[in-house]
Structures are given as structure tokens and as C-alpha cells.
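A.B. asks: what shape does this take:
(one chain, ligands or ions: 1)
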Amino acid sequence: MNNIENVDSEVTNLLALEQHRQQSQLSLIASENYSSPAIRAFEGSIFADKNAEGYPGKRCVAGCEIADRLENLAIERAKAAFGCEHANVQVMSATIANIAILNGLFKSSDQLMAMRLQDGGHLSHGAPFHVSGRSFRWSFYGVSKVDKQLDYDEVRSIALKVRPAAIVCGGSSYPRLVDYEKMHVISQETGALLWVDLAHTAGLVVGRAIPSPFPYADVVTTSTHKTLRGPRGGGLILCKESLAEKVDRAVFPGFQGAPKMDLIAARAALLAEVQQPRFRDYACSVLTNAKALERGLKDAGAELVSGGSSSHLLLIDLLKCDTTGAEIEKALLQSGVATNKNPIPFDTLPPSKAGGLRIGSAALTTRGFDEAQFFNLGILIGNIIASHDKNKGLQTLTAFVRASVEGLPLFNHKWVS
Ligand SMILES: *Cc1c(COP(=O)(O)O)cnc(C)c1O
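C.D. replies: Residues are numbered from 1 along each chain as shown. I've put the predicted structure just below:
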């Protein structure tokens, strides 16, 4: 730290401010987590400066013998962690993984299917303002109006009609699990590839807290920084051996340049960490804690999209309340709780206001928050949403946050041996 300070005091000052912000706020942002100190140390390590363009044994530059060993180690660990036949560890994020797969496996005239953005999908699954949406023909499926859960009959009837080259499943604000077996049956019947975007729930799958998309998925793309608790900017592509060559060519030379070897080091370490028994405990705790949060919110009268959660992620429905996602996000942050406004299925508000609030249990579980604390936090947030005079609730929440962050680490050492 001292060294850095002598070089650039302006940036170090911002580092210190961010350290304080992270320490003193509680993050319920469903797409955030804290990676272990070891994994953070591998990022920015000496490997950061090595150009290793190409793949192990087939590099475009010299001096890659050790980089080859590192990348092969990360690949073997990824295959073991996810129980899959092939892994590409070079993609720099899940979004980039998705674009690489789109470019490498499909023609721009292909018809594709994914979950509607408002129902819980992701921008990189064909949103009209995203590069994925500009280059392919997309059809969207969604949740049923009755229970706000995935409507598999709709998926099947659209797939039978449009005969997509691929069905994409997985999203960023769907609080329930995807039935991969059902999706597999539909994709088989309609001749589509089954492509699972596991960005949010990868850690829960590896920790065996929820079912795996394998052996049903043909290809899986994921980020590493959400429930998987790894580095940001470290995507993975996992697939069947039959797609291995196409997938690797899609990433390099099809889309990316040289990989970031320090991120591959961080990923390799992560993929060992998540195979330890303690990571299973972590994944189970993330689920238990989300349930506690759910109970607290419901006890305080809050309404949840689909009636609850089956993962780390909850979506609060604010449409019947006299408020918006943007207002609640702002109010909670003043008390030190970070969340995000989020559109919900059948939303009537513009995305900038949003009729929902998305929260998740992964980051605070990493810090060591327990079930009782999650339950209490749920009650406090639920009370604020329900009340017309929000000030009293916010004062109580502020006091709760101040008391809870006292001595609370960002990464609790109980999660690693
Ligand atoms: C978060 C998310 C992504 C994007 O991940 P990055 O690694 O930040 O690019 C892609 N797909 C889904 C479903 C996500 O939730």
C-alpha cells in the first residue's frame, strides 16, 4: 500500500474511500460478492504482464511454458468443478462469452430463443439495444401471468413454431430455478441447442445446493463473480466435447485477443476453492439465508415476485405500493444498504423507476451474516416498504447497519481453510 501511495495519492485516496464504503455498507446486490484474499492477490500478479495469445501448446508468442501449465490447470479444475467435458477459461466476462458463442456457433440469419428481459432474462440475450439483438432473429418466452414462474408450455409452443437454432435459459432477475430437464426435452423435440447462461447461480450449482444444467446443456456460459465468489471479468464457457473446437475458435481467434493470464490464475485458484467442502457449506448458507430474508420480508407484508425465491435472489414487487424501485433503492442506500431497482414481469413503470427491487444473499453470506441477521434485515426493509412514513423505519435500519458492520469482515475466513 505504501508503495502505491508514493506513486499516486489521488488513486490511493479513492481506494481508501472505496474500502470504507464497502466496509460500512451492507450489500444486498444480487450480482455482487467478495472473493477471498488469495483470489484477489492472484489478480494483478506477475502473470498480468504475460502475453499468451492462443491456447496451451499452440501460442502465437514464445515463453508460454508456464502459462500453458497454468491454463491447463484451470481447465482441468473447471471440468472437475462443473462435471463437464470441456472448458474454456479465457473469456473475460459472461457477456463476452455470450457474444463469442453467438458469433462462433450461429449464423446471423439463425433464429434464437431466450427469456424476455422484463421477465428476468439478460441484455446479452438479444435485447434490441445490445449487439446480440442487432445481429440475430430472436423470439422471447417468459413467465406466466398467474404465478410469475417460467411457462414451459409457452417455451414449447414458441419453439415448435420458430424452430430455433438454440434455446437460451438463465437470467439475471428470475428468482426461481430453471428446470433444465424440461428445457432439454423441448430443445430435443425442436432440434435446438440448449444453452444455459449460469452467471447468477454457478456457485450454487458447484456447491451442489441446486441442480446442475449438466448433462442436459450443450453449452454453458457464466461469469465468475456472482454466487461463484470469484474475480470480476473472468467468464467461463463449459460444453460438450463435440462443441469444444468450435467454442475455442469462437473465443480465439474468433472474438478475443490474448487472454489475461493473471485472471486465469485467479480462476484456477477459485476453481480449487469451490471444490472444498466449505464452499458447499457456503452455497447451502446462501440458500438458507435467502429463505430467512424472504420470511422477514413477508412477515413485514412485502410481496415477492413468484411468491418467493429458490435461489440467492429475491425480487420485491412494489407495484401495489405507493413507491418505485428507484425510490426504495435510494432510501435504503441512505441507511447503508445497497440494492438495485429492477423491472418486474408485467411492470407498468419505466425501467428508470422500475416496479421492483432486486436483492440477494450471496455477498452478505460471504461476510458472515447469519440467518437471524438476514431475517431481521428482511423485516426492517419490509417495514420501510409498507410504511407511509418511511423516516422512522430508515432510522431503525441505519442503527441496525451501524451495529452489524462493526468488525464485520468483507470476506469471512470461515469460508476457506
Ligand atoms: C450478470 C450476467 C451476465 C453478465 O456477466 P458479466 O460477467 O458481468 O459480463 C450475463 N448473463 C447473465 C444471465 C447475468 O446475470
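
A.B. asks: within range of the ligand, give me the residues from the stretch 151-300 of the chain.
C.D. replies: 170-172, 197, 199-200, 223, 235 (Cβ under 6 Å from any ligand atom). Every C-beta, even on glycine, is put in place using the N, C-alpha and C of the backbone.

A.B. asks: which two of those residues have the greatest separation?
C.D. replies: Among those, the pair separated by the greatest distance (Cβ to Cβ) is G171 and G235, at 16.2 Å.

A.B. asks: returning to that earlier point: any chance of the residues of the stretch 151-300 of the chain next to the ligand in TSV, with distance to K79 too?
C.D. replies: Shown next, in TSV, are those (distance: Cβ to Cβ, whole Å):
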residue	distance to K79
G170	20
G171	25
S172	26
D197	19
A199	19
H200	21
S223	18
G235	16
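
A.B. asks: residue contacts, the residue nearest to S124 when sequence neighbours are not counted?
C.D. replies: Nearest non-adjacent residue to S124, counting by Cβ to Cβ, 6 or more residues apart in numbering: N98, 4.2 Å away. Neighbouring residues of N98 by Cβ atoms under 8 Å, 6 or more residues apart in numbering: 122, 124-125, 132, 197, 221.

A.B. asks: please repeat the previous calculation with a cut-off of 10 Å.
C.D. replies: 91, 114, 122-126, 130-132, 168, 195, 197, 199, 221, 235, 237 (Cβ atoms under 10 Å, 6 or more residues apart in numbering).

A.B. asks: count of neighbours near L15?
C.D. replies: 14 (other Cβ atoms under 10 Å).

A.B. asks: am I right that it falls within a strand?
C.D. replies: No. If the criterion is DSSP: H, G, I helix; E, B strand; the rest coil, then L15 is helix and not within a strand.

A.B. asks: just the helices in the stretch 251-400 of the chain please.
C.D. replies: For the stretch 251-400 of the chain, applying DSSP state H, counting those that start in this stretch gives helices covering 261-273, 277-299, 325-334, 362-367, 371-386, 390-405.

A.B. asks: correction: the previous question concerned the stretch 101-250 of the chain.
C.D. replies: Using DSSP H, counting those that start in this stretch, helices in the stretch 101-250 of the chain cover 131-135, 152-162, 180-190, 202-206, 244-251.

A.B. asks: so for the last one, what gets flagged as buried?
C.D. replies: By neighbour count, with 16 or more other Cβ atoms under 10 Å as the criterion, the buried positions of helix 244-251 are 247-248, 250-251.

A.B. asks: returning to that earlier point: higher neighbour count, G171 and G235?
C.D. replies: G235 (25 against 22).

A.B. asks: got the contact list for that one?
C.D. replies: 88-98, 100, 199, 221-225, 251, 263, 267.

A.B. asks: picking that back up, point out the most buried one among the helices of the stretch 251-400 of the chain.
C.D. replies: Of all the helices of the stretch 251-400 of the chain, helix 362-367 has the most neighbours on average by mean count of other Cβ atoms under 10 Å, namely a mean of 26.

A.B. asks: which other helices and strands does that one contact?
C.D. replies: helix 9-24, strand 26-27, helix 277-299, helix 371-386, helix 390-405 (3 or more Cβ pairs under 10 Å, 6 or more residues apart in numbering; DSSP states H and E).
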